[in-house]
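Chemist: after the sequence you'll find the predicted model.
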Amino acid sequence: MCGIVAAVSNRNIVPVLVQGLQRLEYRGYDSCGVAVYAGGLQRLLTGSYALCLLDYRLGDGDGLQLLAEAKAQKCATPIILITGDTREETDLAAMEGGAADFINKGDVKADVLERAIDYAIKTAQTLQQLHAAKKGPSS
């Protein structure tokens with residue numbers, strides 16, 4: 001089983017997240033509550049999660065900062081940034097920072113979330129397999 005971690009949001013998106021995660025349960029995905037910046041980064045860096053759903057506004061930091069810290073520490077877990085900030089520069093910063101996807105909170109619906117989560121996890125798994133194949137068998 002793999003896990004999914006989500007970060008705190010200013011708007012209550014938990015019902016939508018839970019609905020989307022429930023739709024993924026039949027595929028063997030588990031979910032792991034909601035975390036704040038520091039706790040979320042620490043949990044994310046354990047490598048125990050298949051995905052991170054990350055809010056842009058986190059109170060004691062922002063999602064782009066957490067994304068940068070996670071990627072600087074070689075975090076392989078795919079991260080989807082979810083935000084109410086509709087500016088194109090935020091979208092570009094997320095994607096250039098290594099986010100697997102960027103979802104506007106106004107567009108968050110269970111099917112959109114399900115598709116984004118499924119795609120991000122499958123893409124990350126494929127990349128891991130490609131990196132492992134490139135390294136070849138250990139001697």
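Modeler: Right, received. Where do you want to start?

Chemist: what helix or strand is Leu81 located in?
Modeler: strand 79-83 (DSSP states H and E).

Chemist: show me what contacts Leu127?
Modeler: Ala76 (C-beta atoms under 8 Å, 6 or more residues apart in numbering). Any C-beta I mention is one placed from the backbone N, CA and C, and that applies to glycine too.

Chemist: please identify which helix or strand holds it.
Modeler: Using DSSP H and E, the element containing Leu127 is helix 110-135.

Chemist: now the angle from that helix to strand 79-83?
Modeler: 150 degrees (axes from the mean of the first three to the mean of the last three C-alpha atoms, to 10 degrees).

Chemist: what is the rounded mean pLDDT of helix 110-135?
Modeler: Helix 110-135 carries an average pLDDT of 89.

Chemist: other residues contacting the strand holding Leu81?
Modeler: Taking C-beta under 8 Å, 6+ apart as the rule, strand 79-83 contacts 9, 13, 44, 51-57, 63-64, 67, 70, 90, 94, 98-105, 108, 116-117, 120.

Chemist: are any of the residues you listed buried, and if so which?
Modeler: 9, 13, 44, 51-56, 63-64, 67, 70, 90, 94, 99-103, 105, 108, 116-117, 120 (16 or more other C-beta atoms under 10 Å).
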